[in-house]
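Undergrad: what's the 3D shape of this:
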Amino acid sequence: MSYPPPAYGYPAYGPPPEHPQATTVLILGIVGMMFCQICAPFAWILGRRALNEIDASGGTVGGRSNVMVGYVLGIIGSVLLILMVLGIIAYIVLIVVLVGSSSA
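TA: This is a model prediction of the structure:
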């Protein structure tokens, strides 16, 4: 009885495990973009940290695409948060100026 020859090459490996915070950054980015812009800076900060760790791992940690999407959504949500705060401040200043000018 003859046995088949052994397979050549390296055994197939699956994708590297995801970064532990990849899903967290993605969820914070989505929530910060859609519902609560206060979450967006956290997605930005955690996303930058996770991207640095993924890059430093040399390919042993995956999940870069999820982290990148959450990171970008965190940046966009942070910009929207800043614009919203500036708009509220401008509205309050406008109200104060109009009320001050009408009473004089």
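
Undergrad: Any regions of the chain where pLDDT drops low?
TA: By pLDDT under 70, the low-scoring segments of the chain are 1, 3-12, 103-104.

Undergrad: Can you identify each of the strands in it by residue range?
TA: With DSSP state E as the criterion, the chain has no strands.

Undergrad: tell me which residues in the helix ranked longest in it are buried?
TA: Scanning the chain for the longest helix, with DSSP state H as the assignment, gives helix 64-102. By neighbour count on 16 or more other Cβ atoms under 10 Å, the buried set for helix 64-102 is 64, 66-71, 73-78, 81. For every residue, glycine as well, the C-beta is placed using N, CA and C.

Undergrad: In CSV, list these along with distance to P20.
TA: Shown next, in CSV, are the buried residues of helix 64-102 (distance: Cβ to Cβ, whole Å):
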residue, distance to P20
R64, 13
N66, 12
V67, 11
M68, 16
V69, 17
G70, 13
Y71, 16
L73, 19
G74, 17
I75, 22
I76, 24
G77, 22
S78, 23
L81, 26
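
Undergrad: Widest-spaced pair of these?
TA: Greatest spatial distance among the buried residues of helix 64-102 (Cβ to Cβ): R64 and L81, at 25.2 Å.

Undergrad: What is the longest helix of the chain packed up against?
TA: Counting contacts by 3 or more Cβ pairs under 8 Å, 6 or more residues apart in numbering; DSSP states H and E, helix 64-102 packs against helix 22-34, helix 40-56.

Undergrad: Chain neighbours aside, what residue packs nearest to I45?
TA: G74 (7.8 Å; Cβ to Cβ, 6 or more residues apart in numbering).
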